[in-house]
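Asker: model this:
(chains A, B, C, D and E, ligands or ions: 4)
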Amino acid sequence: MSGGDAIRPVLTATALTKRFGSFTAVEDVGFTLMPGASLGIVGESGSGKTTTARILVGLERPTSGTVVLDGEPAAGGGARRRRARLIQMIFQDPYGSFDPRQSVARSVEEPLRLHFPGPAADRHRRVAELLDRVGLGPREGAALPRDLSGGQRQRAAIARALAVEPRVLVLDEAVAALDVSVQAQILALLEELRRDTGTAYVFVGHDLAVVRHVTDEVLVMRRGRVVEHGDTERVLRDPHHPYTRLLLDSVPSPGWDPGRPARDRRALDALDTPTPTTGHGEDQCRSSNG
Amino acid sequence: MPRALLTWIGGRLLGAAATVVAASVLIYGCLRLVPGDPVLALTAGRRLSPEQIEAVRQASGLDQSLVRGYLDWMGGALRLDLGLSLHYRTEVSSLLADRVAVSVPLILYSAVLAVLLGCTLALVSAVRGGAVDRAASVLAAVATATPPFVAAVVLLSVFAVGLGWFPATGAGSGFWDRWWHLTLPATAMAVAAFGVLARVGAAAFSEELGRDHVTVARGRGIGGFALLRDHVVRNALAPLVTVIGVLTATLFVGTAVVETAFGLEGVGSLLVGSVSRRDLPVVQGVSLVAVVVFVAVNTLVDLALPLIDPRVRTGAVR
Amino acid sequence: SGSADPASPEAAAAPEITTSVPGPTSGVDSVTWNLPAGEPPSLDPAMSSSDSASTVVATLCEGLFSFGPDYTLEPALATGYEQPDPLTYVISLREDAAFWNGDPVTAQDVVASVERLLDPSVGAAWIGWAARLDGLEATGDHEVTITLTEPDVLVANYFATPAFNVVQASYAEEAGDGFGTARDGVMCTGPYRFESWEQGREITVTRNDDWWNTDAEVRVERLRFTFVTDPYAQAAALTSGDADGQFNVPRAAHAQLAEQGSMLYGRSLAPTFLAVVDQEGPLSDIATRRAIQALIDYDGIVESVYQGAAEPLRALVPPAAWGYAEDDYREAYEALPAPAYDPDLALGLLSESGTAEETVVLAYATFVEEETRIATSLADNAAEVGLHIELMPLTAEQFGAVFSSPEAREGVDLLLSTGYLDFPEPLTYYQYFSTGSFYNFAGYSDEEYDRYISTATAAEDPAERAREVIGAQAIMAEDLITIPIASQYVNAYHDADLTGLVPRQNYLYTPWATGLGGR
Amino acid sequence: MSAAEHGPDDVLTVRGLRMEAGPPGSPVPLLDGVDLRVGRGETVGLVGESGSGKSLTARAALGLFPAGARVSGAVTAAGTEVIGADRAALRGLRRHRVSMVFQDPRAAVNPVRRVGDHLTEALRARGVPRREARDRALDLLERVGIRDPRTAVRRFPHEFSGGMLQRVVIAGALSTGPDLILADEPTTALDVTTQAEVIALLDSLRRERGTGMLFVTHDLDLAAAICDRVHVMYAGRIVEETTGAELLSAPAHPYTRALVAASPSLHGDRGAPVPVAGRPRSLAEAPSGCSFRDRCPAADDACAAAVPAVRRHGGAAVACLRPAAVAL
Amino acid sequence: MTVDLTAVRGRSFRARRPWGLWAAVAFLAAAALAGLCAPLVAPQAPGATDLMNSLAPPGTPGHPLGTDSTGRDVLSRVLYGARLSLLAPLGVVLLASLLGITLGLTAARLGGWADIVVSRGMDVVFAFPGLLLAMLVVAVFGPGVVAPVCALAVSYTPFIGRLVRNAAVQEGARPYPEAYRVMGFGGLWVTVRHLLPNIAPMLIAQGTLSFGYALVDLAALSYLGLGVRPPAADWGSMISQSQSAILQGAPWGALVPGLAVLGTVVSLIVVGGHIGGSIVKKGERT
Ligand SMILES: Nc1ncnc2c1ncn2[C@@H]1O[C@H](COP(=O)(O)OP(=O)(O)OP(=O)(O)O)[C@@H](O)[C@H]1O
Ligand SMILES: Nc1ncnc2c1ncn2[C@@H]1O[C@H](COP(=O)(O)OP(=O)(O)OP(=O)(O)O)[C@@H](O)[C@H]1O
Ligand SMILES: [Mg+2]
Ligand SMILES: [Mg+2]
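Answerer: Ligands and ions are numbered 1, 2, ... in the order given. Just a heads-up that it's a prediction; the model follows:
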């Protein structure tokens, strides 16, 4: 993999495991991401998608396992800046990911100041460029996040992430909160950026249709583990794992039978719990987050 | 009871005990902070022979190390022995016991007044909104801003001296007589707490009124009193009870002012008198009792919260 | 600024002094009497140096003698005393007196009571008289003999003060520390017996129907003492009838109360004055002291602060305290210059003074509203002529400490206070300023003054004594080690249904309530 | 639009519903001329992007209008005219005839009361005795597929997962045996797999009881899959009414077409989602005339003249001057 | 006393035209100005006594608001009294804020044991009502201003500290602090540059309310004779000094400073409520 002139992976995750107390949120997750590639992570709620994403960008320290970025292990603390130059993240809630008191332009400028110290004029030019790149004008740049629409905010968040010219962009449910028409705009923008800059994507989402359109490869997670991993088209057309099939069957389509996923799911749960008489299922009794 | 709940209750109780212990260290330590020889502060104004001064020094534990002195004092406190008053020369605990009989009914009475009136005004203003709400919030702000001594002077002038409806001083004896005697002081003390509760309550009630489940309940044909009781008041109870817990502190120290103004000999006026007489054993005793009462009330509130808001039980909230 | 115009049109009319009142005609079940100084710490006569305690104890306990209306000694537990020589007092005791529990009063009880008071561990304030005490013993079942080391004409006066209050020795011993407290109460012989003390609420005493003094008809069956201290609350309590009466009514309420009940005044033995505490500092120059006297707004104080219920003073001892040789005292008093507010004079004096630039620290008690106002006004008047008086307000305890500890007097130059005489003997007060006296804080020492005082102390003959005292008084007026201000009247209020009380200073030591009754 | 087919069997008819908020001087229009109907046993979809007025319309059927809103038009739910109805009539309607299921079950259920209270509350309000109400509640929980109803009624909402809680809400909605269920995005907050289960549940209940359902969603695939008819809403107006089957295959209004094109598909061979310019509008922000004209590639001056009238286009009724005229 | 602002915010005094707010701001500005410019506007020196002209009614020439029982001009004293009456609570709030922000941010940022220790410590202090702590301190050090101001500051610290801690934890749980960390910024930088400014409005609102409560507490202390020592005067001591004159039919000496206290505190509540309210308004728009 690391040999000579061959392109080396920009991101390698090996055997990532994360425990919160006795609860295992992520277990033995691993993958490699080549420059300019796009990897999807799908799964039901609580399957560990976000936790995995947070481990990648260093917001969460894995209980075990390693993340290698551009050939070098991404250690904690000290290497924060290097890691920031290599990997960036887009959050699901674009409003919350901005300091509500700062104009969008200032928010975009801030990482530039940290990573590319230089004359202010250059920086301002670069900010204008970045905003323009994601389709925002100077008027939007001067506005506070709260005065922008959801789509505009997500564009601004992308501009900010691109400011440091990262090799990898992690998108955690980045379009889930948007209306379909706007979602399509953002997806188109992401596709265009990937083409132009060669940034690799880790796209976390629960909407299989979206994942199908933006990723080449997909991980299907269930209860913290990867249950299926492969080429996106292949996985969606010909799922190997019953859970993946369940996910696919759950998506409405003409002539859809909503009763089927329910039956499949019970069958799948029965497989997991050999003795099914444990009172109420885990779905009925929530764990502590609420 | 689930194990987690028991652990939680145990934790709260332990925390409360720790708080009281830490507070008692502070209270005791104060004596040692007195500038100069603390015994001078203790004997100030009393013509005492050197032997007597030595006796005071011993009685206050000043001849011992800080730790020893504290342990003795705290040990005594646990046996309800808080030492001797320098002024009255009787046990602080017996002084307190007599005065509690005045202060406790006063505090309870004024708490009931503040809570009933405050919550009623809050509910009316949240439900009615508009001009009623604005008028209520002005009233609440003015009430919050009225210092108890101002309220006391006004009430005395109008209702005791002017109209003669209520007695001006004394705590009365017998249930009704006492109730009648304590009405003005309790009202004077309740004013500020009433204002705070009206404001906090209006905020809590209107917040609850705006919640989806209230709309849902309306959409299911639940209305009027039942809606307010089951979906608004019940839900706003948790923040309100918390505030009421904090307000007990206000009421407790409010007695200092109001008892002085109304000539009631309760814990508050004992505290004020002892502070100006620098009767430190009494000041320490009253402070300790105040802190214990406050911590106890707030711990009770904390323990009551899971009954009011079941989410607290599993730690889902807070 | 002070009052330039002496006769302000709004000056309050001076209240009338009550000299006699109609006697009571009917009995009263219960009278509620407020103690404005608050709940007494103890009812032990040994502790009765505070106003509150004295007011209550005076109804419960008696000494050997009592003061009559004009401060003559009247028999109480003693029937009389003889003085075989100036150093010996042989006191014969009443044989029919009994404690409330029926036990007779014995000479041993008397000796034990007096000795108890003298025990330093009790900490009684009443030990001043015993400076020249040599012996005290029971010389018969109903006879007690006291011997002195040197003659002291003042000693007999103390027989009527709490210094000689008699408590049952066995009871006091048994009660120990509890004696006088709410739990154990006291055991005395007086017209009222201790019934209950609900701490924080009230002390109740009931008539002692077995009192030896069968001549006195005690009309009030029960006295309830309450402890309202806040002036506003006191006024409210008295106006609304929650309390039936009290001594020392807050001045602001006088006018209102006079309209609805009896507001009574009596001349007092109390001077309010400035005492020099530090003779070395800014007050070392007599000119500064005289300037300060000229800066006191005498008229304003009498009319505004005391609302007319006071008289300005030329000497430390007020006229009411001339218990003997009254004409001599008057002549001497009137010969003293009448002080008046005179800023021009003060300005002149200060220009001569070598210490006019220094700051004078004036300490006063904040709990006496009137004195706060006097101090405030004085400081302001001084500021107008360029003298800086720095106010040092003191709480009750701090103020008390000034009298007992030199540390507490540190930094104080001048002290504003109100003292009083226990009986009308001017010598008592002037004695305090002789060399080495406990209350002579300034360390004042004048040979001539000391000579006058010591001669007076041994002078049996009133006229001779008066002559010596007047000599001392003149020196004092010249040296201004104390600057007299005014003597305020004793006052009392009771509601319209009561009668029989003539307010006098001695309510603190005599059973004042025995005269009270229904109209 | 579908007024012609309006029959006596309808459980809900909305005709010319207009709604305005804000001070009378500067009104904020919220809804304009909304027409729709739901027949007995029918599932009718209401789709559109956020702010289009779907929830306002659904709530109007219960007489739940925003505070201070001015409403005109006619809303007849289960035979009761809602607009201008007095309290008692509205209360009766809500207690007996119409129920609602909201998007977020966690917000819709009082968090401090027991699940059992939520279920029995509406029954108790209409005078059902306590015991009977409880038995009915147990029965309902059983019906919506909750195991061990006896323990469940004594639990608190936070002890349930989202999917389970939505079942409870549905049980509560069914407790009164309504003629009409208003489901406002009942599955948006749920996982896909759970969504399927809840939809299956709603569908089976509707079929058994013949209850009409107004199903609000912004998921076109979902609407197409389960609805008999679908109304598409944009900026406070209904722009198209069509059948579930034709929604995806033959959208008539440019907005519907744009939506379909923008939705990524999982199964079909549709290409990449096609973005639409601009962002969704509320009625207050919408341009004059056709509110979609500023985002519509086929718009011209005629579209600005007036709000387009409804016209038939195949099986659909469309408010557009040139339905299906542009290929997207 | 103080109550967590979080319970009060978002309501009251949000009329469309905030007359109340402007009136409150104007009152506070006037009070502050009165304190600053007292020497310029006061008709008399605040300490100028005139025993023969005591209790002159309002409207007396030279004494627009009358005189007190020592013949001092009430207006001048209220104007000068504004200095101490406003400065002392300001001291309380500034001191409490300094302590509270430091402790709150420390607890929120370090978390774990530091959080537990700081929070428990604040619980202990919280158990002392402000006035009680002030009285305890007075019992030890004697009456005055400095000691009670420090005591009140300490007793108000938990209110501010808890607010800061909770707000910082809450704000820290929003994605933007994490976004900054992902961008490579350090925790301290994010706290100081982003978290603190964002919780500032809430802090200011709580500070405003605390100011009002401190004013009342200090006035109560003066009223009980345990606070300001004469000849210095604040409004509380003026009220207590003039209280008995009410009996003589001269209420102005107590009334005027009483109204000054009331007006100031009501204004502070209005302003604080408004700041608190606008925080929520801002949040509502998301
Ligand atoms: N800090 C934490 N402490 C404890 N448990 C956590 C923490 N963060 C996440 N979890 C738990 O880990 C599990 C996985 O969470 P994660 O957020 O990664 O799921 P997800 O796949 O992103 O789900 P969703 O689709 O709902 O976003 C969940 O059960 C969650 O409760
Ligand atoms: N009480 C109200 N006062 C004023 N405007 C309101 C009120 N309620 C809703 N609106 C506005 O009406 C419009 C339609 O709101 P509605 O909630 O019906 O949209 P929706 O289609 O349900 O959207 P979503 O998909 O986000 O739920 C929105 O622009 C909203 O801002
Ligand atoms: Mg997630
Ligand atoms: Mg909606």
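Asker: from here on, contacts and neighbour counts on C-alpha atoms
Answerer: Will do.
Asker: can you pull the contacts of the closest residue in space to D:Ala108 that isn't next to it in sequence?
Answerer: The shortest distance from D:Ala108 to any residue other than its chain neighbours is 4.2 Å, reached at B:His213 (Cα to Cα, 6 or more residues apart in numbering or on different chains). Counting by Cα atoms under 8 Å, 6 or more residues apart in numbering or on different chains, B:His213 touches B:His231, D:Ala107, D:Ala108, D:Val109, D:Asn110.
Asker: If we use 7 Å, what do you get?
Answerer: Residues near B:His213 by Cα atoms under 7 Å, 6 or more residues apart in numbering or on different chains: D:Ala107, D:Ala108, D:Val109, D:Asn110.
Asker: can you check D:Gly22 too?
Answerer: Applying Cα under 7 Å, 6+ apart, the residues contacting D:Gly22 are D:Val28.
Asker: how far away is it from D:Arg281?
Answerer: 18 Å (Cα to Cα, to the nearest Å).
Asker: count of residues packed around C:Arg451?
Answerer: 15 (other Cα atoms under 10 Å in any protein chain shown).
Asker: any idea which element it lies in?
Answerer: helix C:447-458 (DSSP states H and E).
Asker: Next: A:Ile158.
Answerer: helix A:150-162.
Asker: Which strands or helices does that helix pack on?
Answerer: strand A:87-90, helix A:104-115, helix A:120-133 (3 or more Cα pairs under 7 Å, 6 or more residues apart in numbering or on different chains; DSSP states H and E).
Asker: any idea of the mean pLDDT in that helix?
Answerer: Averaged over helix A:150-162, pLDDT sits at 90.
Asker: So what angle separates the directions of that helix and helix A:104-115?
Answerer: 10 degrees (axes from the mean of the first three to the mean of the last three Cα atoms, to 10 degrees).
Asker: can I have helix A:150-162 written out in CSV, keeping just the CAs?
Answerer: Written as CSV, here are the backbone C-alpha positions of helix A:150-162 (Å, rounded to 0.1, in the frame of the first residue of the first chain):
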residue,chain,number,x,y,z
GLY,A,150,-30.4,26.4,6.0
GLY,A,151,-28.9,25.7,2.5
GLN,A,152,-26.9,28.9,2.6
ARG,A,153,-25.5,28.0,6.0
GLN,A,154,-24.5,24.6,4.8
ARG,A,155,-22.7,26.2,1.9
ALA,A,156,-20.9,28.5,4.3
ALA,A,157,-19.9,25.5,6.4
ILE,A,158,-18.5,23.9,3.3
ALA,A,159,-16.6,27.0,2.4
ARG,A,160,-15.1,27.1,5.9
ALA,A,161,-14.1,23.5,5.8
LEU,A,162,-12.5,24.0,2.4
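Asker: So is it next to ligand 2?
Answerer: No. With Cα under 6 Å from any ligand atom as the criterion, ligand 2 is not reached by helix A:150-162; the gap is at least 11.9 Å.
Asker: how close does D:Gly73 sit to D:Glu81?
Answerer: D:Gly73 is 10 Å from D:Glu81, by Cα to Cα.
Asker: more neighbours, the two?
Answerer: A direct count of neighbours by other Cα under 10 Å for D:Gly73 and D:Glu81 places D:Glu81 higher, at 20 against 15.
Asker: who does the more buried one bridge with?
Answerer: For D:Glu81, the beta-bridge partners are D:Thr76 (DSSP bridges).
Asker: At the contact with chain A, which residues of the stretch 51-200 of chain E appear?
Answerer: E:Arg174, E:Pro175, E:Tyr176, E:Ala179, E:Val182, E:Met183, E:Gly184, E:His194 (Cα under 7 Å from any Cα of the partner chain).
Asker: Tell me how far the helix holding C:Arg451 lies from the chain's centre.
Answerer: Centre-to-centre, helix C:447-458 and its host chain are 24 Å apart (Cα atoms, centre = their mean, to the nearest Å).
Asker: what's the neighbour count on the residue in the stretch 151-290 of chain A positioned nearest to chain E?
Answerer: Closest to chain E within the stretch 151-290 of chain A is A:Ala161: 7.7 Å, counting by Cα to the nearest Cα. For A:Ala161, the neighbour count with other Cα under 10 Å is 26.
Asker: before we move on, what about the one 4 residues further on?
Answerer: Burial measure for A:Glu165: 17 neighbouring residues, criterion other Cα under 10 Å.
Asker: quick one: contacts for the closest residue to it other than its chain neighbours?
Answerer: Closest residue in space to A:Glu165, ignoring its immediate chain neighbours: A:Arg85 at 6.8 Å, by Cα to Cα, 6+ apart. Residues in contact with A:Arg85 (Cα under 7 Å, 6+ apart) are A:Val164, A:Glu165, A:Pro166.
Asker: before we move on, back to that, in helices, which of the residues of the stretch 51-200 of chain E next to chain A fall?
Answerer: E:Pro175, E:Tyr176, E:Ala179, E:Val182 (DSSP state H).
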